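# Can you look at this prediction? I've put the sequence above it.
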Amino acid sequence: MNNREMADKFEAVAQFLEIKGEAIYRVLAYRKAAEALRDLSRDVAVIREEGNLEDIPGVGKAIAAKIEEMIDSGNLGYYEELAAEIPPDLLEMLAVDGVGPKRAAQFWQEAGILSLTELEAAAREGRLRELSGMGVRLEQKILSSIEAYKHRQTDRFLLGQAWDTAQSLEERLSKVEGVEQIELAGSLRRYRETVGDLDIVAGTGAPGLLLDTFSTMPEVERILGKGDTKVSVELYSGLKVQLWAHPREHFGSALQYATGSQAHNVRLREFALRQGLSLSEHGFKTEEGELIECPREEDVYCELGLPWIPPEMREDRGEIEAAQEGALPELIRVEDLLGELHAHSTWSDGKASIAEMASAAKELGMKYLVISDHSQSLGVAGGLTAAELKQQKTEILEVQAEIGSGIELLQGSEVEILAGGGLDFDDEVLGSLDIVIASLHTALQQDRETATQRVLNAIENSFVHIIGHLTGRLIGKRDPADLDLERIFMAAVEHNVILEINAHPDRLDLKDTHARRALDLGCLLAINTDAHHPSHLGFRHFGVGTARRAWARPEQIVNTWSLASLREWLSSRRL
DNA sequence: GCCGTTTTCGGCCCGACTGTTTTCAGTCG
């Protein structure tokens, strides 16, 4: 079993215990362990080998023993026991809005309902309204939530998909009368690779007007809930959006609250309690009941004696401790990036000419751009032969002459790491290029040892500078290749090979936790858009967001370096 | 079930909204 499968087991255990009505803190303990496993940047089996399971936050003796059991037997006896006691199909009901553990238990025990299908039938027959505490409206609400659940393709959207919607909503809402401040919050602000819903926070003197305006916008399909300070809607796209309207004096605490993550907020509130302060979206309450308002988000952290923590770090991954110790890293920013090292043109599968890509990059203020089209064997993408590379070089020089100073164009190639483990060009061709990116595109389903060895071969080739989108995943569509990341990261450090954070929102590969582990081990990273169109160069911020989630400092990202420094480093690689 | 600037026991974040209720339970973020 891998980390994620074990996390899913613990999540199911938590849900079983919740339905059983066990002490909520036992439930939370299993849930926390599940989260910890999902967040882990390393294979938990390796951590077990090292004897460090209990160093994982949220893992104590009991849960460590269960992890060992799952590693050794591929099974969890405790889960099996619970599944024998409680119908496992009940758990699916919990994914329906408005159905939580209490009602699931009630439906099962009082009405003999064993699955979501049976729940829907009972609701249609009007049998739910008979149950205690239930009524016609609740029955209707559950029925429509079941419909919505069945039509829902996925419960999370790609960050890139949600981004444009969020910008558009923010822009229009900022113009509503009375709105003084407005900001996007939630997992979008934290740059999580997927977002469950959009969260928007406004500081306004006219909350009613803002909430009304929002809930009647054309893209709103239905209102899920609406009160005096917040409204929650579902858009026709299926995306859910929550909008909070707070007085300006509460804007900072409201933004902090809505940004999350939930785990970060829980930790921060515990931290506040130890100082005798109760933190909520309205600000701090002292033990005497006095309210301390926080107009700016910085005020929340400042009141606790902490520096402001960047949203991307707020995942309860040690950021509060680091803030306490004054050890928060100075994170990379978009404006630190000086160049793009991975971009395509019409020479292979790009949609724009070298000249168009170059002027778009110059427009964005980039100092250098590497044209790195695909190599010969990637037929579907129109990969270039060695001879074509020479012709392309001529064009790059011509475009450089036309565009003049201000941006330097370099020639690279995104070279296939072949299924057999070799590279798609011989050393002579590789040596003629300014920069070589080696990537996996094919045979991504190979077993771990074979796939890992392929990447290691590329890393050991002294002509390779960068490994592109390491795992080859497409978020939600294609699973990552099964790789021994720890070995790969260590080899990259040993051989001075740079690992890419691919900024394309479909990829974000390396992902945040893996990038953080790579940095901890001493790897250098590059943030590349892999642009196939001039507009894709604008994906940079997604890569930067991912790097910030990995606590990356500018100097650890090679395309913050000047071209002179980068060239020097690249040439040292081939000595 | 976890964990320690209050602790190896006794705590464990906080409030809005809804629908069912006559003061609250359930769900959600």
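Received it, and whenever you're ready, just let me know what you need.
# Tell me where the stretch 451-575 of chain A has strands.
A:466-467, A:498-502, A:525-528 (DSSP state E, counting those that start in this stretch).
# same check, this time on the stretch 201-350 of chain A
Taking DSSP E, counting those that start in this stretch as the test, the strands found in the stretch 201-350 of chain A are A:220-226, A:230-235, A:240-246, A:277-280, A:283-286, A:291-292, A:339-343.
# could the strands of the stretch 451-575 of chain A go into CSV alongside mean pLDDT, distance to A:Gln376 and mean neighbour count?
For glycine as for every other residue, the C-beta is placed from the backbone atoms N, C-alpha and C. Output for those, formatted as CSV (pLDDT from 0 to 100; distance: least, CB to CB, whole Å; neighbours: other CB atoms under 10 Å):
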stretch, mean pLDDT, distance to A:Gln376, mean neighbour count
strand A:466-467, 98, 19, 26
strand A:498-502, 98, 21, 26
strand A:525-528, 98, 21, 28
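# Quick one: closest of those strands to DNA strand B.
strand A:498-502 (27.3 Å; CB to the nearest atom of the strand).
# Counting by contacts, list what the closest one packs against.
Applying 3 or more CB pairs under 8 Å, 6 or more residues apart in numbering; DSSP states H and E, we find strand A:498-502 packed against strand A:339-343, strand A:466-467, helix A:485-494, helix A:512-520, strand A:525-528, helix A:540-549.
# picking that back up, just the strands of the stretch 201-350 of chain A: most buried one?
Compared across these, strand A:339-343 shows the largest average neighbour count, a mean of 27 (mean count of other CB atoms under 10 Å).
# average pLDDT across that one?
Taken as a whole, strand A:339-343 carries a mean pLDDT of 98.
# need the next SSE after it, C-terminal direction.
Using DSSP states H and E, the helix or strand that follows strand A:339-343 in sequence is helix A:354-363.
# Just send the helices and strands packed on strand A:498-502 back as CSV, with distance to DNA strand B too.
Putting the helices and strands packed on strand A:498-502 into CSV (distance: least, CB to the nearest atom of the strand, whole Å) gives the following:
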stretch, distance to DNA strand B
strand A:339-343, 35
strand A:466-467, 34
helix A:485-494, 23
helix A:512-520, 18
strand A:525-528, 29
helix A:540-549, 19
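# Tabulate those (TSV), appending distance to A:Arg127.
Converted to TSV, the helices and strands packed on strand A:498-502 look like this (distance: least, CB to CB, whole Å):
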stretch	distance to A:Arg127
strand A:339-343	59
strand A:466-467	58
helix A:485-494	51
helix A:512-520	46
strand A:525-528	56
helix A:540-549	47
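# residue contacts, the residue nearest the centre of chain A?
Geometric centre of chain A, nearest residue: A:Glu193, 2.5 Å, by CA atoms, centre = their mean. Neighbour list for A:Glu193: A:158-159, A:475, A:505, A:508, A:511-512, A:546 [criterion: CB atoms under 8 Å, 6 or more residues apart in numbering].
# circling back: nearest approach to A:Leu90 belongs to which of the helices and strands packed on strand A:498-502?
helix A:512-520 (31.5 Å; CB to CB).
# other SSEs contacting the closest one?
helix A:485-494, strand A:498-502, strand A:525-528, helix A:540-549.
# can you list contacts of it?
Taking CB under 8 Å, 6+ apart as the rule, helix A:512-520 contacts A:39-42, A:193, A:317, A:470-471, A:485-486, A:489, A:492, A:499, A:501, A:510, A:525, A:546-547, A:549-552, A:556.
# which SSE is A:Ile146 in?
Element membership of A:Ile146 [criterion: DSSP H and E] is helix A:136-151.
# Next up, the contacts around the residue of the stretch 301-450 of chain A found nearest DNA strand B.
Nearest residue of the stretch 301-450 of chain A to DNA strand B (CB to the nearest atom of the strand) works out as A:Gln324 at 7.4 Å. For A:Gln324, the contacting residues are A:Leu306, by CB under 8 Å, 6+ apart.
# same deal with A:Ile501?
A:508-510, A:515, A:525-528, A:543, A:546-547, A:550.
# isn't A:Ser345 right up against A:Ala358?
No - the pair A:Ser345 / A:Ala358 is not scored as a contact, 9.2 Å apart, by CB atoms under 8 Å.
# For the stretch 101-250 of chain A, which segments are assigned as helices?
Per DSSP state H, counting those that start in this stretch, the stretch 101-250 of chain A carries helices over the ranges A:101-111, A:116-124, A:136-151, A:159-173, A:186-189, A:207-215.
# Take the ones you listed and write them to CSV, including mean neighbour count and distance to DNA strand B.
Output for these, formatted as CSV (neighbours: other CB atoms under 10 Å; distance: least, CB to the nearest atom of the strand, whole Å):
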stretch, mean neighbour count, distance to DNA strand B
helix A:101-111, 18, 3
helix A:116-124, 18, 12
helix A:136-151, 15, 4
helix A:159-173, 17, 14
helix A:186-189, 24, 7
helix A:207-215, 18, 8
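# picking up where we left off before, now the helix holding A:Ile146 and strand A:230-235, what's the angle there?
Helix A:136-151 and strand A:230-235 are oriented at 40 degrees to each other (axes from the mean of the first three to the mean of the last three CA atoms, to 10 degrees).
# what's helix A:136-151 packed up against?
Where contact means 3+ CB pairs under 8 Å, 6+ apart, helix A:136-151 is packed against helix A:116-124.
# A:Glu69: how many residues sit nearby?
Residues within reach of A:Glu69, counting by other CB atoms under 10 Å, total 17.
# tell me the secondary structure for it?
Of the three states, A:Glu69 takes helix according to DSSP: H, G, I helix; E, B strand; the rest coil.
# Please name the residues that touch it.
Each residue near A:Glu69 by CB under 8 Å, 6+ apart is listed here: A:75-77.
# Near DNA strand B, list only the ones from the residues you listed.
Among those, not one lies near DNA strand B by CB under 7 Å from any atom of the strand.
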